[in-house]
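next come a sequence and a model predicted from it.
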Amino acid sequence: MSFRTNTSAPATQSSSLSARSADRLSRFSWVDVVVAAAVLVLLYVALRVGKGTTVSFSTSQSAKVDTSIGELPYDAARSLLRMFLALALSTVFTFVYAYAAAKSRRLERILIPALDILQSVPVLAFLTVAVTGFIALFPGSMLGLECASIFAIFTSQAWNMTFSFYHSLTSLPRELDELSRSFGFTRWMRFWKVELPSGTIGLVWNGMMSFGGGWFFLVASEAVTLGNTDYALPGVGSYAGAAITDGDLGKVGWAIATMAIMVVGVNFLFWRPLTAWAERFKNEQSEASEVQKSYVLNFLRRSHWPQLLGRALHPAGQALSRAGRVFGVDDQPLVVDRTRQRTGDIAFALVSGGLILWGLIDLGHYLHDHTGLGVFGEPLLLGLATLARVVVLVAVATLVWVPVGVKIGFSPKLTRIAQPVVQVLASFPANFLFPLAVWFFLRTGLTIDIGGMFLMALGAQWYILFNTIAGAMAIPTDLREAMDDLGVTGWQRWKRLIIPGIFPAYVTGGITASGGAWNASIVSEVVGFGGTTLTATGLGAYIAHATEAGNFPKLIAGVAVMSLYVVSLNRFFWRRLYRLAESRYSL
């Protein structure tokens, strides 16, 4: 199997193609003018909106959010700017963190458990620390709050993308690994030419899901209460939060409409072209009869700007490739010195274990001085209630969304229809449904202990769906056609093709859905609208109340207990499935 490339053209044809390409570059069309104008407008809007991030503000006064309808376009632009900046940071973090974890056996023992903990730490906990730190770093400037908000959105995006890329690196098809070694690729060439293309489809779809996760926590990241002070930034999230607090259903409706327009617009202009472009990295021998399509991507391909940009960046790419030789050649020996390896493992374990032990002792002293270690008792018990909701949610989401995801992933036509719909649903913040949820729970008598699980599902179940779609899309077309030719259908088709094909992606979706459910419990176990607040019994509500009150010992205890539950669940269940996926179900 290999990536689809057009490398079989004779030299004469290549020369003629180059000549025709140069001739086309000399004739600009109206398409080039439109693309250039769109880029200039985009840069102008970004610079215009970015000016508002450096204005001054007072940390001693509670923020007042302007909820006039005329402010919504500007608020939407501010929110979009934060979302894309956070996505860029998440992508860089994904490449560095996942690569380090996949390539170093020792670092993997630290980084992957740390990633389990990071994805279980609530966004509100990150935001509490970030607001305090960035305000101190940029005193009296709105830039501090902007950095804190972007960091909070980053924490809702990065972990899912990192898990996906890490898994693609550890389950690289054997023939691609042998190709890299046999040609003596440098490690940079291996990453850029082999590993990144192999993981592109999963990374794009998980990036789309992570972007939806950023929308989900937009209200929490743009407006936060710390102690007795409210901090808020212009944005759709803070607008919706203020409207919900005021009990103004009309303005909540405007916020929902704005959010839907933003999600659909970003999907059409950004994610749809990206998913269609990623199809070129599908690992197969025969080309699919149906492929992803994007009007925006087709329009861009008619423009000469991509070719001109590629020519302009070509020298930089060559220089980067030459610089990448310092990382060595992909010729790692298959046989290692066991004595040397064991000595290094012991030294690494002593150093890392000593640092962790020192941190735990210091944390224990802090809690002992303020509340005592008994503070862990209540969150441990409340965590059992939230754990039950998480287990039920993941199980039901698996039964419902895996078949749906396979159906969508196997049909490009259905993908075009379903992608924007699923993106809107996945991006819909649970906070926006609080008015309807409060009314429904009070009208039907349904307790928030049960009803809160449906709100949690808004922030968790889509990880399973998106990863299943990505897994189904990555199954080579020639394997599917072989199954059709052999007449394999029904359960045998699922057993022989679909389950093995989507299993690695599903495990990534399951582990991130589990972590997302724990995170979503914080905004789903405390539901309020106007003067009515419903509170469920659970760890999420405990952390939400501790954050609102500015009670740092309880917040630390709640976050530590949530991390303990998530890491234990990952260690005893999801990691075993990961090992199974790596050993048996790599394409």
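Nice, I can see it. Numbers count the residues shown, from 1 in each chain.

buried residues, stretch 91-103. List them.
In terms of neighbour count (16 or more other C-beta atoms under 10 Å), stretch 91-103 has its buried residues at 91, 93-95, 97-99, 101-102. (C-beta placed from N, C-alpha, C; glycine too.)

secondary structure, pLDDT and distance to Gly510 added to those residues, as CSV?
Formatted as CSV, those follow (DSSP: H, G, I helix; E, B strand; the rest coil; pLDDT from 0 to 100; distance: C-beta to C-beta, whole Å):
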residue, secondary structure, pLDDT, distance to Gly510
Thr91, helix, 93, 23
Phe93, helix, 94, 22
Thr94, helix, 93, 19
Phe95, helix, 92, 23
Tyr97, helix, 92, 20
Ala98, helix, 90, 18
Tyr99, helix, 89, 23
Ala101, helix, 88, 19
Ala102, helix, 87, 19
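
where does the stretch 351-500 of the chain have low pLDDT?
Across the stretch 351-500 of the chain, the ranges flagged by pLDDT under 70 are 352, 368, 423, 426-435.

residue boundaries of the helices in it?
377-409, 412-427, 434-444, 448-458, 461-474, 477-486, 490-493, 499-524 (DSSP state H, counting those that start in this stretch).

show me what counts as buried in the fourth one.
Which is helix 448-458. Those would be 448-449, 451-458, for helix 448-458 by 16+ other C-beta under 10 Å.

and for the shortest one?
If you call a residue buried by 16+ other C-beta under 10 Å, then helix 490-493 has these buried ones: Arg493.

tell me how far it is from the chain's mean position?
Put simply, helix 490-493 sits 32 Å off its chain's centre (C-alpha atoms, centre = their mean, to the nearest Å).

which residues does it contact?
By C-beta atoms under 8 Å, 6 or more residues apart in numbering, the residues outside helix 490-493 that reach it are Met483.

output the lowest mean pLDDT helix or strand found in this protein.
helix 11-25 (a mean of 50; mean pLDDT, DSSP states H and E).

name the next helix or strand downstream of that one, please.
Counting by DSSP states H and E, the next helix or strand C-terminal to helix 11-25 is helix 30-50.

which other helices and strands contact that following helix?
Contacts defined by 3 or more C-beta pairs under 8 Å, 6 or more residues apart in numbering; DSSP states H and E place helix 30-50 against helix 72-103, helix 295-301, helix 305-323.

out of the helices of the stretch 351-500 of the chain, which comes closest to Leu555?
Minimum separation from Leu555 across these (C-beta to C-beta) falls at helix 377-409, 10.1 Å.

how about that closest one: buried residues?
379, 382-383, 385-387, 389-390, 393-394, 397-398, 401-402, 404-406, 408-409.

and if you look at stretch 168-177?
So, applying 16+ other C-beta under 10 Å, buried residues of stretch 168-177: 168-172, 176.

next one: stretch 239-254
Buried, per 16+ other C-beta under 10 Å, within stretch 239-254: 239-245, 248, 251-252, 254.

chain center to stretch 42-50, what's the gap?
25 Å.

contacts for that stretch, please.
Against stretch 42-50 from outside (C-beta under 8 Å, 6+ apart): 74, 77-78, 81.

any stretches of the stretch 201-350 of the chain with poor pLDDT?
216, 224-230, 283-292, 323-338, 340-341, 344-345, 348-349.

how does it look with 90?
Applying pLDDT under 90 to the stretch 201-350 of the chain flags residues 201-269, 271-350.

related to what we said a few turns ago, most tightly surrounded among the helices and strands packed on helix 30-50?
helix 72-103 (a mean of 19; mean count of other C-beta atoms under 10 Å).

buried set for the helix or strand following that one?
Using DSSP H and E, the helix or strand that follows helix 72-103 in sequence is helix 105-120. Of the residues in helix 105-120, 107, 110-112, 115-120 count as buried by neighbour count, 16+ other C-beta under 10 Å.

redo those as TSV? Include distance to Asp32 and pLDDT.
Compiled in TSV, the buried residues of helix 105-120 are given as follows (distance: C-beta to C-beta, whole Å; pLDDT from 0 to 100):
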residue	distance to Asp32	pLDDT
Leu107	46	81
Ile110	50	82
Leu111	45	85
Ile112	46	82
Leu115	43	82
Asp116	48	73
Ile117	49	74
Leu118	44	77
Gln119	43	73
Ser120	48	66
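
filter the buried residues of stretch 239-254 down to just the ones in helices.
Judged by DSSP state H, helices contain the following of the buried residues of stretch 239-254: 239-245, 251-252, 254.

find the pair from those with maximum spatial separation.
That would be Thr245 and Trp254, which, of those, are the farthest apart (C-beta to C-beta) at 15.2 Å.

ok, now which ones touch Leu393?
453, 456-457, 460-461, 513, 517.

re earlier: pipe the helices and strands packed on helix 30-50 into CSV and attach distance to Val263 per row.
Below are the helices and strands packed on helix 30-50 laid out as CSV (distance: least, C-beta to C-beta, whole Å):
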stretch, distance to Val263
helix 72-103, 10
helix 295-301, 16
helix 305-323, 26
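
centroid residue for this protein?
Residue closest to the mean C-alpha point of the chain, counted by C-alpha atoms, centre = their mean, is Ser210 at 2.5 Å.

rewinding a little: can you list which of the buried residues of stretch 168-177 are found in helices?
Per DSSP H, the buried residues of stretch 168-177 map to helices at 168-170, 176.

in a markdown table, list those along with pLDDT and distance to Leu363.
Output for these, formatted as a markdown table (pLDDT from 0 to 100; distance: C-beta to C-beta, whole Å):
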| residue | pLDDT | distance to Leu363 |
| --- | --- | --- |
| Ser168 | 84 | 35 |
| Leu169 | 86 | 33 |
| Thr170 | 83 | 32 |
| Leu176 | 76 | 44 |
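
from these, which is closest to Val39?
Nearest to Val39 among those, counting by C-beta to C-beta, is Ser168 at 31.0 Å.
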